[in-house]
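Asker: I'll drop the sequence and a predicted model, then ask my questions.
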Amino acid sequence: MPTIKTPIIPIHQTFAKANAPHELDKKAICIFAATGFFLDTDTYWKDKKVLPAASENILDDNGFLIESKPWFQWHYSPRDISFETALEEFTSLFEQIISEQLEDSKVILPLSGGLDSRTQAVALSKMKNPVTSYSYSFKGGFSESGIGKKIAKVCGFDFKEFTIESGYLWPKLEELASINQCYSDFTHPRQMAVLDEFKKLEGTFSLGHWGDVLFDRGAPEGTTESELLETILKKVVKKGGMELATALWQEWELEGDFESYLRERIVDLHATIKIENTSAKLRAFKSLYWAPRWTSVNLSVFDVAHPISLPYYDDRMCEFICTIPEEYLAARKLQLEYIKQQSPELAKITWQDHRPFNLYNFQNNKYPNNLPYRIGNKLKRTVKEKMGKPYIQRNWELQFLGMENDEKLQQRLFSENLHPFISKPLLARFYNNFKTVDAVKYSHPLSMLLTLSVWYCCTKVYDE
């Protein structure tokens, strides 16, 4: 009988059969609608499960899961070491992992204005591997490519600039559905817009996903257990997600109520994590349930173009994090000091989250020091909007705003008869709320309904 051992943070979902009826798991789909990802081992179907993270699984010859047990438990065992020692260990481990993952391959490096990819850029600049870097910006939005280009220049990397155009999603919906199997909403993987350009590049992707979770405080100091549960709920449920999930729950006439069911699931999963420190416990929860079922799902788009590597996903990095005091992880201290120590020139480049400040003076990003920039930025946006050029900040704005997008959205939502999966009155309710009540709040429900409608049409199967 085959045994499958999953990594601490799996890059790919591994499915197994379960002894259950072949019917939709409507409760699981409601959680998906609320959060944007399936929870724990859930899938669309009751007889199909995803193998848990950091587990050893025994399957029979027909693919049915017989036994599953964890081989690694997230823990918080801080060592009595100095910050300097922690930094030296991080430097050695991080650079070793990147070197081993890439070997002598050419490298494709996405560059953002943040810290994770910049940390990778430091390590890669010390290696001999040829690096092609790139950034992409929303058309009409902040030029993230401007920061990426500066980082690439300091490191001596080739650089390409991509623009995410309005409405890129519509001709690619079926392709995206085949790539991620509709296990993520369709408006987040913006890399889909430049997939054809990715395929023209050569090498292995070095992706910086999950660094911001591992190398920062999970929850504010002093957070209690009860407060942590509420924090988890607030973090996982998207704007408008609770309303959509509740509407589906009621339409499908499921027993009880959705919010109680979700809360019960979160409480049960939270209880399995034997960590007293609430900051470390939240990081563990995210790494167990959020990373594999949301972040990893969207990695599949990169994987279609070229092999992928993720230094922050490495088992050794996860084990290392469990031994580092929270105070060293808080406020991104390790990454900040690594960049400043290894490449002062990179540290002088604007940190996007604290623009116009950099890694040396980002503490000044507060009133009144940041007032001139905020006023100037507001004026620029106002002028553009008066000229009929709205400032794009979020991916859904490129997909759902404007007449052409609206026409294609309505076609996708209403041209197919989704009954009895989702009724037209429910679709119309959330579409109209997006158009007339609050576009920001209802953008997530609209994206989820689009995802569910495409999934339903692609499967061509519905078991009542």
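Answerer: Arrived safely, thanks for sending. Numbers count the residues shown, from 1 in each chain.
Asker: Every contact and neighbour count from this point should use C-alpha atoms.
Answerer: OK.
Asker: Count residues in the vicinity of Ala18, would you?
Answerer: Counted with other CA atoms under 10 Å, residues neighbouring Ala18 total 17.
Asker: Hmm, it is touching Leu65, no?
Answerer: Yes. Using CA atoms under 8 Å, Ala18 is in contact with Leu65, at 6.2 Å.
Asker: Could you find the closest non-adjacent residue to Leu51?
Answerer: Leaving aside its chain neighbours, Leu51 sits nearest to Thr14 (5.7 Å; criterion: CA to CA, 6 or more residues apart in numbering).
Asker: what element comes up after the worst-scoring helix or strand of the chain on mean pLDDT heading to the C-terminus?
Answerer: None of the helices or strands of the chain scores lower by mean pLDDT, DSSP states H and E than helix 371-386, at a mean of 68. Proceeding N to C from helix 371-386, the next assigned helix or strand is helix 395-400, under DSSP states H and E.
Asker: contacts for that following helix?
Answerer: Helix 395-400 has contacts (CA atoms under 8 Å, 6 or more residues apart in numbering) with 138, 165-169, 187-188, 190, 392, 405-406, 409, 443, 447.
Asker: just to revisit the earlier point, for the residue nearest to Leu51, grab phi and psi.
Answerer: Thr14 adopts backbone torsions of phi -110, psi 120, taken as degrees, to the nearest 10.
Asker: Mind pulling up the pLDDT for it?
Answerer: In this prediction, Thr14 carries a pLDDT score of 97.
Asker: Out of the contacts of helix 395-400, flag the one nearest to Tyr76.
Answerer: Closest approach to Tyr76 among the contacts of helix 395-400 (CA to CA): His188, at 31.8 Å.
Asker: which stretch of helix or strand covers that closest one?
Answerer: Following DSSP H and E, one finds His188 outside all helices and strands.
Asker: so who does it touch?
Answerer: Listed by CA under 8 Å, 6+ apart, the contact partners of His188 are Asn395, Trp396.
Asker: what do you get for Tyr367?
Answerer: By CA under 8 Å, 6+ apart, Tyr367 lies in contact with nothing.
Asker: How about the one 3 residues further on?
Answerer: Contact analysis of Asn370 by CA under 8 Å, 6+ apart lists Asn364.
Asker: Need phi/psi at it.
Answerer: phi -90, psi 0.
Asker: The stretch 201-350 of the chain: helices as residue ranges?
Answerer: Under the criterion DSSP state H, counting those that start in this stretch, helices of the stretch 201-350 of the chain are mapped to 211-214, 225-236, 241-251, 258-271, 278-285, 296-305, 315-321, 326-329, 333-342, 344-347.
Asker: Highest mean neighbour count out of these?
Answerer: Comparing the helices of the stretch 201-350 of the chain by mean neighbour count (mean count of other CA atoms under 10 Å), helix 278-285 comes out on top with a mean of 22.
Asker: got a list of contacts for that helix?
Answerer: Residues outside helix 278-285 that contact it (CA under 8 Å, 6+ apart) are 74-76, 213-214, 217-221, 223-225, 228, 232, 270, 273-275, 322, 326.
Asker: orientation of that helix relative to helix 225-236 in degrees?
Answerer: Relative orientation of helix 278-285 and helix 225-236, computed by axes from the mean of the first three to the mean of the last three CA atoms, to 10 degrees: 40 degrees.
Asker: Now do helix 278-285 and helix 258-271, the angle between them.
Answerer: Relative orientation of helix 278-285 and helix 258-271, computed by the same axes, to 10 degrees: 110 degrees.
Asker: gap between Ala33 and Pro368?
Answerer: Counting by CA to CA, to the nearest Å, the gap from Ala33 to Pro368 is 41 Å.
Asker: more crowded one of those two?
Answerer: More neighbours surround Ala33 than the other of Ala33 and Pro368, with 31 against 8 (other CA under 10 Å).
Asker: quick one: the more buried one is in a helix?
Answerer: Yes. Counting by DSSP: H, G, I helix; E, B strand; the rest coil, Ala33 is part of a helix.
Asker: Let me see the contact set for it.
Answerer: Per CA under 8 Å, 6+ apart, neighbours of Ala33: Gly241, Leu244, Ala245, Pro445, Met448, Leu449.
Asker: right, and the helices of the stretch 201-350 of the chain - which one's nearest Asp61?
Answerer: Among the helices of the stretch 201-350 of the chain, the nearest to Asp61 by CA to CA is helix 296-305 (26.4 Å).
Asker: distance between that closest one and the chain's centre?
Answerer: 12 Å (CA atoms, centre = their mean, to the nearest Å).
Asker: got it, and stretch 259-274?
Answerer: Distance, centroid of stretch 259-274 to centroid of chain: 21 Å (CA atoms, centre = their mean).
Asker: how about it as CSV, C-alpha atoms only?
Answerer: In CSV, the C-alpha atoms belonging to stretch 259-274 read as follows (Å, rounded to 0.1, in the frame of the first residue of the first chain):
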residue,chain,number,x,y,z
GLU,A,259,-21.6,31.1,11.3
SER,A,260,-21.9,28.5,14.2
TYR,A,261,-20.6,25.8,11.9
LEU,A,262,-17.6,27.8,10.8
ARG,A,263,-16.9,28.8,14.4
GLU,A,264,-17.0,25.2,15.5
ARG,A,265,-14.6,24.1,12.7
ILE,A,266,-12.2,26.9,13.6
VAL,A,267,-12.3,26.0,17.3
ASP,A,268,-11.7,22.4,16.7
LEU,A,269,-8.7,23.0,14.4
HIS,A,270,-7.3,25.7,16.7
ALA,A,271,-7.5,23.2,19.6
THR,A,272,-5.2,20.7,17.9
ILE,A,273,-2.3,23.2,17.9
LYS,A,274,-0.5,22.8,21.2
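Asker: contacting residues around Ala20?
Answerer: Counting by CA under 8 Å, 6+ apart, Ala20 has contacts Lys46, Asp47.
Asker: per-residue pLDDT, it?
Answerer: Predicted confidence (pLDDT) for Ala20: 96.
Asker: ditto for Ser343
Answerer: 98.
Asker: Could you report the separation of it from Glu326?
Answerer: Taking CA to CA, one finds Ser343 at 25 Å from Glu326.
Asker: What of Glu103?
Answerer: Applying CA to CA, the value for Glu103 to Glu326 is 32 Å.
Asker: what's the answer for Leu450, then?
Answerer: Distance of Leu450 to Glu326, computed by CA to CA: 40 Å.
Asker: Out of the contacts of Ala33, which comes closest to Ile308?
Answerer: Nearest to Ile308 among the contacts of Ala33 is Met448, at 26.9 Å by CA to CA.
Asker: That closest one reaches Thr187, doesn't it?
Answerer: No. Between Met448 and Thr187 there is no contact under CA under 8 Å: 9.1 Å.
Asker: what about dumping the CA coordinates of stretch 176-186 to CSV?
Answerer: Taking Å, rounded to 0.1, in the frame of the first residue of the first chain, the C-alpha atoms of stretch 176-186 are listed here in CSV:
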residue,chain,number,x,y,z
LEU,A,176,-7.3,28.9,-15.2
ALA,A,177,-10.1,26.5,-14.1
SER,A,178,-8.1,23.6,-15.5
ILE,A,179,-4.9,24.9,-13.7
ASN,A,180,-6.2,25.5,-10.2
GLN,A,181,-9.3,23.2,-10.5
CYS,A,182,-11.4,26.1,-9.1
TYR,A,183,-9.9,25.7,-5.7
SER,A,184,-9.2,29.5,-5.5
ASP,A,185,-11.3,32.5,-6.6
PHE,A,186,-10.4,33.8,-10.0
